[in-house]
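Q: whatever this is, show me its structure:
(chains A, B, C and D)
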2 protein chains.
Amino acid sequence: MRILIVEDDANLNRQLADALKEAGYVVDQAFDGEEGHYLGDAEPYDAVILDIGLPEMDGITVLEKWRGDGKTMPVLILTARDRWSDKVAGIDAGADDYVAKPFHVEEVLARIRALIRRAAGHASSEIVCGPVRLDTKGSKATVRGVPLKLTSHEFRLLSYLMHHMGQVVSRTELVEHMYDQDFDRDSNTIEVFIGRLRKKIGNDLIETVRGLGYRMQAPGNGN
Amino acid sequence: MRILIVEDDANLNRQLADALKEAGYVVDQAFDGEEGHYLGDAEPYDAVILDIGLPEMDGITVLEKWRGDGKTMPVLILTARDRWSDKVAGIDAGADDYVAKPFHVEEVLARIRALIRRAAGHASSEIVCGPVRLDTKGSKATVRGVPLKLTSHEFRLLSYLMHHMGQVVSRTELVEHMYDQDFDRDSNTIEVFIGRLRKKIGNDLIETVRGLGYRMQAPGNGN
DNA sequence: CGCGATTCTTCCGAGTCGCTTACGATCGTT
DNA sequence: AACGATCGTAAGCGACTCGGAAGAATCGCG
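A: This next block holds a predicted model:
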């Protein structure tokens, strides 16, 4: 999962980025509205953390531009505690959530989890696919109750696949969400990781759709 | 749009209900956890406003029960300003949003709007033609519930035909939409693929209109 | 009924795609 | 400094897809 932070306070920005990376996300950072707007337009993020008060371009404006361009990724707004009218404006501009400053980092994490989960259409913090359970809250996964020992990239891969269960996910999509900006597109890294993951969770859960990508689905689930 | 309010403070409950009705929603009210849980289970709501501190049954518990039963309607949690850990718990239990008390009613309205808007975005894209179902989002198709194993070109062909159901689609039209610009026009590739597709989905679904092209239509559909 | 045009089917080689295995580089830890 | 774990690249191999060709089948028309 790849996340964009748009926040001019360098300290706060770093603090959030660290916590998110710690939690296993891929993080891109922007420090003013223009940069943020550009990145959000150009790269496919699973969620965005957007400050309202920004140099160059106001957060609300950035958001409105994105929405006007048809961008639908979930956006979490950061706002000053007393500016509640900003919140309403932000939400009506297409924000999915907000957090008032000052906040606890854990809260931001929980809300990001919820946004990503919700964007994928899941109600609870646990996603189940056949024998595999993914605990988005604890960043853990089990097969038939047995905890899986996954490396960080394997977990990211599994997580993205399970958040898009039933859908075919292309290799480029996976690359874009597992790595930040520049990554050598033509290499077989994804194939290798799919292989490693299959070895750990069983072969029949990740179906390969030739020419298109991969699809995760409980086996024997007609349709 | 029908909304459930679960809130033990009668005053607050009525205040919210009034504002929501004013905004054009249909509102049901519950004043303790058990009643709320029962209603949320039995009736189809487009959104729920749920207080955390409730008599009879805690709000988090209510929510967990709903989610455990597969209920996925968006839930907005009401929580005391200083109990931020409640928020995290609530969000991880499957809440979609929260508002801290005391709140501005406009804010609740804005968030309900956002929740309903977002929940509406999850309609699955499916085209049906007789026994054939095409899930464009999941890149898969079924015949009578049996999953089809299609190659990427076969899928593209089927997809184009189903998107133009009832219309006659010419060979050149198909070529132009399945391949990039220059492709050897005089080859029988399309015929071959039509044949392969018919073999998989049944012969009577794709009608050939001599001299013009092909038409997809549910069989026994006069004309 | 017969002929030409169109469409269907079958077959097969070429090329692509994806899986596996092995190896070297890097990083963090002991 | 050495070790283990993790990650990315490369190469070989097997399987599958694609598309062309040729002959069979079908249709429309006179």
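Q: what segments of chain A are strands?
A: Secondary structure of chain A, counting by DSSP state E: strands at A:2-6, A:26-30, A:47-51, A:75-80, A:97-101, A:126-129, A:132-135, A:140-143, A:146-147, A:168-169, A:206-209, A:213-216.
Q: what lines up beside the longest one in the sheet?
A: It stands for strand A:75-80. strand A:47-51 (parallel), strand A:97-101 (parallel) (DSSP bridges).
Q: pull out the buried positions in it.
A: A:75-79 (16 or more other Cβ atoms under 10 Å in any protein chain shown). To be clear about C-beta, it is placed using only N, CA and C from the backbone, and glycine gets the same treatment.
Q: and stretch A:137-148, by the same measure?
A: For stretch A:137-148, using 16+ other Cβ under 10 Å, the buried residues are A:137, A:139, A:141, A:148.
Q: for the record, mean pLDDT for that stretch?
A: Mean pLDDT, computed over stretch A:137-148, is 91.
Q: how long is it end to end?
A: 15 Å (Cα to Cα, to the nearest Å).
Q: other residues contacting it?
A: Stretch A:137-148 is contacted from outside by A:23-24, A:110, A:113, A:125-126, A:131-135, A:150, A:155, A:158, A:200-202, B:92, using Cβ atoms under 8 Å, 6 or more residues apart in numbering or on different chains.
Q: and what of stretch A:47-55?
A: A:1, A:3-9, A:16, A:32-33, A:36, A:40, A:58-60, A:62-63, A:73-80, A:83, A:86, A:90, A:95, A:108, A:112, A:115-116, A:119.
Q: let's see 6 Å
A: Under the contact criterion Cβ atoms under 6 Å, 6 or more residues apart in numbering or on different chains, stretch A:47-55 has outside partners A:3-8, A:32-33, A:40, A:59, A:74-79, A:86, A:112, A:115-116.
Q: need the CA coordinates for that stretch. CSV is fine.
A: Extracted C-alpha coordinates of stretch A:47-55, given in CSV (Å, rounded to 0.1, in the frame of the first residue of the first chain):
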residue,chain,number,x,y,z
ALA,A,47,-4.6,6.9,0.5
VAL,A,48,-3.5,10.5,1.0
ILE,A,49,-2.9,12.5,4.2
LEU,A,50,-3.5,16.1,3.3
ASP,A,51,-3.0,19.1,5.5
ILE,A,52,-5.4,22.0,5.0
GLY,A,53,-3.0,24.9,5.6
LEU,A,54,-0.4,24.7,2.9
PRO,A,55,2.0,27.0,1.1
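Q: so which bits of that stretch are buried?
A: Quick answer for stretch A:47-55 (16+ other Cβ under 10 Å): A:47-54.
Q: what is the least confident helix or strand in chain A?
A: helix A:84-92 (a mean of 79; mean pLDDT, DSSP states H and E).
Q: from DNA strand D, how far out is A:D32?
A: 29 Å (Cβ to the nearest atom of the strand, to the nearest Å).
Q: quick one: that residue and A:E56 touch, right?
A: Yes. Under the criterion of Cβ atoms under 6 Å, A:D32 makes contact with A:E56 at 4.2 Å.
Q: of the buried residues of stretch A:137-148, which is the nearest to B:V99?
A: Set against B:V99, the nearest of those by Cβ to Cβ is A:K137 (21.8 Å).
Q: for chain A, what lies in contact range of DNA strand C?
A: Within chain A, the residues that sit near DNA strand C (Cβ under 7 Å from any atom of the strand) are A:171, A:188, A:191-192, A:194-195, A:198, A:203, A:208, A:210-213.
Q: go with 10 Å
A: Within chain A, the residues that sit near DNA strand C (Cβ under 10 Å from any atom of the strand) are A:170-171, A:188-199, A:203, A:206-214.
Q: could you pull out the helices for chain A?
A: A:10-22, A:33-42, A:59-68, A:84-92, A:105-119, A:152-163, A:171-178, A:189-201 (DSSP state H).
Q: would the first one count as contacting DNA strand D?
A: No. With Cβ under 10 Å from any atom of the strand as the measure, helix A:10-22 is seen stopping short of DNA strand D, the closest distance being 12.8 Å.
Q: having no further points to raise, I will conclude here.
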